[in-house]
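1. fold the following.
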Amino acid sequence: HFMCLEFAQRIGRQLGHQTLTSSHPTVANDVITHQPLYAESIPHHEIIALVNALLPLCQQTIYSKNSYVGRAGEAAILDLVQIVPGLIGPLFLDFCTRALDVGSIHMSHQAPSALCLLQHLIQPT
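-> Predicted structure coming up:
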């Protein structure tokens, strides 16, 4: 969970700095002098590769019998969804619909995990 959280925060800082550079370049240069970490950005293909590496681990945690591990996995998935929503969102929505289907006898033990994921992925308005 903590690795996904740090990764999401790093991507957020990177995108924030890109926005700041386009609107206020002098302020962005001052930020780089005080925070050199902002100068380097992670290429998009590496972001996708890292998300694809972390995703199977996060998927396995939601099946855990340990409630802390399951909750940490749900939080990690939420962090990854914020980075690449178009890649991860449909995958887990498909998992949730299969787990909550009336005819899914073999996936009924996954219903609590599916409900928790839906609670985090879809916010009612």
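2. for L20, see how far away the residue of the chain most remote from its centre is.
-> Distance to the chain centre peaks in the chain at T26, reaching 31.7 Å (criterion: Cα atoms, centre = their mean). Distance of T26 to L20, given as Cβ to Cβ, to the nearest Å: 10 Å. To be clear about C-beta, it is placed using only N, CA and C from the backbone, and glycine gets the same treatment.
3. flag the shaky bits of the chain, pLDDT-wise.
-> Within the chain, the ranges that satisfy pLDDT under 70 run 38, 107-108, 124-125.
4. would you map the helices across it?
-> Secondary structure of the chain (DSSP state H): helices at 2-23, 25-34, 44-61, 67-83, 85-99, 111-121.
5. give me the distance from the shortest one to the chain's centre.
-> Looking back up the chat, that one is helix 25-34. 28 Å (Cα atoms, centre = their mean, to the nearest Å).
6. report all helices and strands that that helix contacts.
-> For helix 25-34, the contact count by 3 or more Cβ pairs under 8 Å, 6 or more residues apart in numbering; DSSP states H and E identifies helix 2-23 as packing neighbours.
7. endpoints of stretch 55-66, how far apart?
-> Stretch 55-66 has its terminal residues 19 Å apart, counting by Cα to Cα, to the nearest Å.
8. so how far is E46 from the most centrally placed residue in the chain?
-> Nearest residue to the geometric centre of the chain (Cα atoms, centre = their mean): L80, 1.2 Å. Distance, L80 to E46, using Cβ to Cβ: 14 Å.
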